[in-house]
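J.: For reference, the sequence and a predicted model appear below.
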Amino acid sequence: MNLTHYVHTLKHHVLLAILLTGLTHASAQDRNKEFTFQYDPQEIVNGSQYQKIQILDSRKDTTHYGIIQKGFLGKSATVVANPALEDQLQKYLETISNGNTQRDTLLLQIRRLSFSEIGGGIKEKGFFDFRANLYQKKGNNYFPLNHIDSSFQVSGIDVSNKLLKKGSLIIDSFIRKNLKVKDISSESLTLHDIQNIDYKEKEKLPLYAAEHLVDGIYMSYETLKNQKPDYPLVDEKDKKGKIKYYYYTNEKGKKVKLKDSKIYAVVDNDETYVSTSFGYYPLVMENDEYYFYGLAEENSTSFSISAGIGSGFGYGGGMIGIGVGSAPSNIKRYKIKIDHVDGNFEKIEQLPN
C-alpha cells in the first residue's frame, strides 16, 4: 500500500469514527429529556438563613428522574438533570438568597422524585411524585426542618413541558418556604440516621413495630398503620361459609353493610388482608416491608385501589383476589409493596401468570 492510499484510508476511518460518535451522541440526546429547574430569579427571599444546599438522593434508582413521552408521536425519553440537580439548586439558592449574610447549609433528602406519562396524542396523562425531607446541617448533625409528600397530575396534548414546569414549581415552593425558618427541631440526626430514615419511621408505627396486630376493619391506611380499627371484625357469610360482606352495627342497632371499595384492609388473627379492585390479598412481611402478590393494571405506577371484585377461595371463608386468567389482557400479576408513609401500592416486579 503506497503512502497516499494509506493516508486516504486513514482519513476515511477517522471521519467514519467521528460520524458514528456524533450519531451515537445525537441518539442518546434524542432518548433523553433534560430537566432544567425553573424558577423566577426576581423573587428574592429576604432573610434567608442558607447559602448552600446539598442533596442526598435516597431513591433506589438514581440514574434518572422517570420516563416521559417526547413529542406528539410519544417516543419514550428518560428525564435527566443537566447540569446535575445539586448544581442547579445551588445556583438557584445563591440567586434567590442574594445579599444574605447567613452561611448555614441545607440538606435536601430526595426520597421520591419521578416524572411519568401514560397514553399518547390528545389523551396523555402526566404524573409527578415528590417526597423529600429538608434538614439544617450543623457540623456532623442534621436537624429536621420540614418534609413534603406531593403528587400532581396533568392531562392534555404533549404534557411533558407542563409536567416538568409544575415539578419545578413544587420543589421551588417547598425550599422557599423553609429558608427563613429559625425554630428548627431539637431532634438531632446523624447522616447514618437519615440514610436509614425508613427504618426509623417504621419503628414508630405499630403496624411494623407491634408484636401482634389488632383484629378489625380498617377504612384507611392511617388507621391501619396506627392499629386503631374503625370497626370490629364482623361479617355476613353465605350458606357455604364464605364471606358475603363486612358490616357494623350503628347506634340504632341496625346492621350497616360496608362496601369493599371503602375498606383499606382487614386484620384477622394477626393476618392482614388488603382490599384491591381484584379482591383481598394477604400481606407478607419481607425485610421490614409489607408486600402482596396480586393483580394490577399494566400501565399504572403507584396506585391506591380498593376491592370491587371478590371471588375464589377464602381465608377462613373470606374473599381472595381473582386469578389472572379471569382478568382483561392489560391486567398482570405483580409483587406489590405497601408504601409505609401513605399506604399506596407500588409495583415492584411483574410475575409469571
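T.: Happy to help now that I have it. Numbers count the residues shown, from 1 in each chain.

J.: and the spatially closest residue to Leu85 that is not a sequence neighbour, what does it touch?
T.: Distances taken as C-beta to C-beta, 6 or more residues apart in numbering put Ile55 closest to Leu85, at 6.3 Å, once the chain neighbours are dropped. C-beta coordinates here come from the backbone N, C-alpha and C atoms, glycine included. Each residue near Ile55 by C-beta atoms under 8 Å, 6 or more residues apart in numbering is listed here: 85-86, 89, 107-110.

J.: So Ser160 sits against Gly66, correct?
T.: No: between Ser160 and Gly66 there is no contact, the gap being 10.6 Å when judged by C-beta atoms under 8 Å.

J.: moving C-terminal of the helix or strand the residue nearest to Leu85 falls within, what's the next helix or strand?
T.: Under the criterion of DSSP states H and E, Ile55 resides in strand 50-57. Next along the chain after strand 50-57, taking DSSP H and E as the criterion, comes strand 66-70.

J.: any idea how far Gln227 is from the residue nearest to Pro232 when sequence neighbours are not counted?
T.: Spatial nearest neighbour of Pro232, excluding adjacent residues (C-beta to C-beta, 6+ apart): Gly216 at 5.9 Å. Counting by C-beta to C-beta, to the nearest Å, the separation of Gly216 from Gln227 is 9 Å.

J.: now do the same end-to-end measure for stretch 216-231.
T.: Start-to-end span of stretch 216-231 (C-alpha to C-alpha, to the nearest Å) is 6 Å.

J.: pLDDT on that stretch, on average?
T.: For stretch 216-231, the mean per-residue pLDDT is 98.

J.: And for stretch 60-75?
T.: pLDDT averaged over stretch 60-75 gives 84.

J.: Am I right that Asp87 sits in a helix?
T.: Yes: when DSSP: H, G, I helix; E, B strand; the rest coil is applied, Asp87 is found to be in a helix.

J.: tally of neighbours for it?
T.: Neighbour count for Asp87, taken as other C-beta atoms under 10 Å: 13.

J.: try Thr223
T.: A total of 19 residues lie near Thr223 under the criterion other C-beta under 10 Å.
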